[in-house]
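**Q** Fold the stuff below for me.
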Amino acid sequence: MRYRERTARRRMGRAARLGVGALALYVAGCSDAAGPSNAAERRRAEPPVVFDQARLTAADEVVRKEIGRGSFPGAALVVGVGGQTVHTSAAGGVGWGDAAEPVDAARTMYDLASLTKAVATTTAVMLLVEDGRMRLDDPVARYVPEFAGGDRSVTIRQLLTHTGGTRAGAVNMNQDASPEAVRRYLITRPLAVRPGKDILYSDVGFVVLWTAAERAAREPLPTYLRRRVWEPLGMRSTRMAAPRGCPQCAPTLSLDGGEPYRGGSYDEVGRALNGLGGNAGLFSTAADLGRFAAMMANGGELDGVRILRRETIDAFLRPQPGAGSFGLGWVTYCREGIVPDHVACKDVYAIGHTGSTGTALWIDPRTRTWMVLLTNRVYLPRRKAEMQEVRREVWEQVTGQ
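**A** This next block holds a predicted model:
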């Protein structure tokens with residue numbers, strides 16, 4: 001293996017520029033961040049993953065049980081290990097009743113809601129940090145001078161860890177104002193809690209972060225992400241701001257008269273910003289999102305295409321000191337159960353993110369097993385589902401925990 005001492009020193013230098021110190025989180029094995037030819041050689045050398053089919057069958061049964069109970073009309077599940085997908089399934093429909101279109105893991109686009117924070121906004125920041133266009137400990141005001149009335153104490157790192165003091169959600173937001181006016185209103189609001197000391201999960205913080213990243217990128221972030229991530233990975237059904245009436249999109253609301261609300265954004269801030277808020281607004285299929293998860297679990301590379309450096313992924317997924325259960329734009333999930341945001345896990349058994357519409361992407365940092373579970377549980381639910389418990393039950397079947 002061509003891993004030399006100078007390569008290690010160069011990688012640690014990159015980590016130091018990220019401001020994270022020595023890398024500790026094991027996401028994938030220690031191999032060179034080589035180009036496509038070496039990646040192809042590694043794929044030939046790696047045998048296919050042998051996965052316990054009984055666990056996958058049990059996970060599918062959990063999903064079907066919840067559909068039968070009325071928790072959501074349908075769902076798509078994709079499971080993999082590292083860069084390999086081992087299971088894809090779909091059950092139910094995009095709506096209730098026999099006339100509803102069946103869910104298709106490769107075709108049905110779901111509103112990812114807050115999963116946008118990790119897959120879109122945080123990924124853009126990861127790339128910009130690698131490119132030297134952003135630094136984690138820069139003040140937000142360097143990129144967004146109007147932020148919180150010119151406050152210079154809050155950093156990019158703090159926005160990523162929900163310790164930036166920004167409000168949880170929109171307060172007194174004028175839904176009829178233009179998207180530009182709404183964005184200006186949100187990013188100029190005074191801070192709600194003490195930055196660097198209090199933890200408050202914040203949609204507004206990610207609206208600010210999206211704005212900062214877009215200015216650092218010097219191009220619209222959907223264009224940037226399409227060029228740097230989605231197209232190279234073959235994620236052809238992934239986009240920000242799916243249009244209203246999108247035929248592939250699973251509905252999230254029922255409008256007056258019973259018309260399904262497809263596309264747009266379920267999130268009120270996302271709707272006010274035409275789906276370009278950064279806190280929500282991303283749409284994707286389970287198959288597409290599975291390719292993204294495989295890239296992350298495989299150390300930033302998939303099928304010979306490198307998207308991110310391994311050390312960048314390690315740094316961003318690691319739980320952050322003083323940030324409870326948060327990494328940098330990602331969330332840790334605890335083996336001991338569901339804990340408040342301000343409490344750090346005693347034992348991390350997944351890292352990922354979820355969305356209020358019933359979506360999840362989780363990765364086991366030890367085994368590199370990953371799961372994508374997409375539902376539209378907010379569309380005319382027949383019962384109130386404890387979605388976090390459902391996700392945990394599916395995950396524990398997948399991982400055998």
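**Q** where do the strands sit along this protein?
**A** Using DSSP state E, the strands of the chain run over 74-81, 84-92, 110-111, 239-240, 253-254, 260-261, 282-284, 301-302, 305-306, 331-334, 348-355, 359-363, 369-375.
**Q** Pull the distance from stretch 173-183 to the chain's centre.
**A** 25 Å (C-alpha atoms, centre = their mean, to the nearest Å).
**Q** Can you give me the first-to-last residue distance of it?
**A** This stretch, stretch 173-183, spans 10 Å end to end (C-alpha to C-alpha, to the nearest Å).
**Q** same thing with stretch 245-263?
**A** For stretch 245-263, the first-to-last residue distance is 6 Å (C-alpha to C-alpha).
**Q** Format the strands of the chain as CSV; extra columns: mean neighbour count.
**A** Every residue, glycine included, has its C-beta placed from N, CA and C. Formatted as CSV, these follow (neighbours: other C-beta atoms under 10 Å):
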stretch, mean neighbour count
strand 74-81, 26
strand 84-92, 19
strand 110-111, 34
strand 239-240, 24
strand 253-254, 14
strand 260-261, 18
strand 282-284, 29
strand 301-302, 24
strand 305-306, 17
strand 331-334, 22
strand 348-355, 23
strand 359-363, 26
strand 369-375, 29
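**Q** mind checking which of these is nearest residue 231?
**A** strand 305-306 (9.9 Å; C-beta to C-beta).
**Q** For that closest one, enumerate its sheet partners and note whether each is parallel or antiparallel.
**A** Here strand 305-306 has these sheet partners by DSSP bridges: strand 301-302 (antiparallel).
**Q** what's the distance between the partner strand and the middle of its chain?
**A** Worked out by C-alpha atoms, centre = their mean, strand 301-302 lies 17 Å from the chain centre.
**Q** Tell me which residues touch the residue nearest to residue 352 when sequence neighbours are not counted, please.
**A** Excluding the flanking residues, the one nearest residue 352 by C-beta to C-beta, 6 or more residues apart in numbering is residue 362, at 3.9 Å. Shown in contact with residue 362 (C-beta atoms under 8 Å, 6 or more residues apart in numbering): 333, 350, 351, 352, 370, 371, 391, 395.
**Q** Need the strands of the chain in a markdown table (columns: mean pLDDT and distance to residue 323).
**A** Formatted as a markdown table, those follow (pLDDT from 0 to 100; distance: least, C-beta to C-beta, whole Å):
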| stretch | mean pLDDT | distance to residue 323 |
| --- | --- | --- |
| strand 74-81 | 98 | 28 |
| strand 84-92 | 98 | 31 |
| strand 110-111 | 98 | 27 |
| strand 239-240 | 98 | 26 |
| strand 253-254 | 96 | 33 |
| strand 260-261 | 96 | 35 |
| strand 282-284 | 98 | 23 |
| strand 301-302 | 98 | 28 |
| strand 305-306 | 98 | 28 |
| strand 331-334 | 97 | 10 |
| strand 348-355 | 97 | 13 |
| strand 359-363 | 98 | 18 |
| strand 369-375 | 98 | 23 |
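**Q** Of those, which is nearest residue 141?
**A** Across the strands of the chain, closest to residue 141 is strand 239-240 (C-beta to C-beta), at 25.3 Å.
**Q** Report all helices and strands that the closest one contacts.
**A** helix 221-225, strand 282-284 (3 or more C-beta pairs under 8 Å, 6 or more residues apart in numbering; DSSP states H and E).
**Q** can you redo those as TSV with distance to residue 327?
**A** As requested, the helices and strands packed on strand 239-240 are arranged in TSV below (distance: least, C-beta to C-beta, whole Å):
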stretch	distance to residue 327
helix 221-225	20
strand 282-284	19
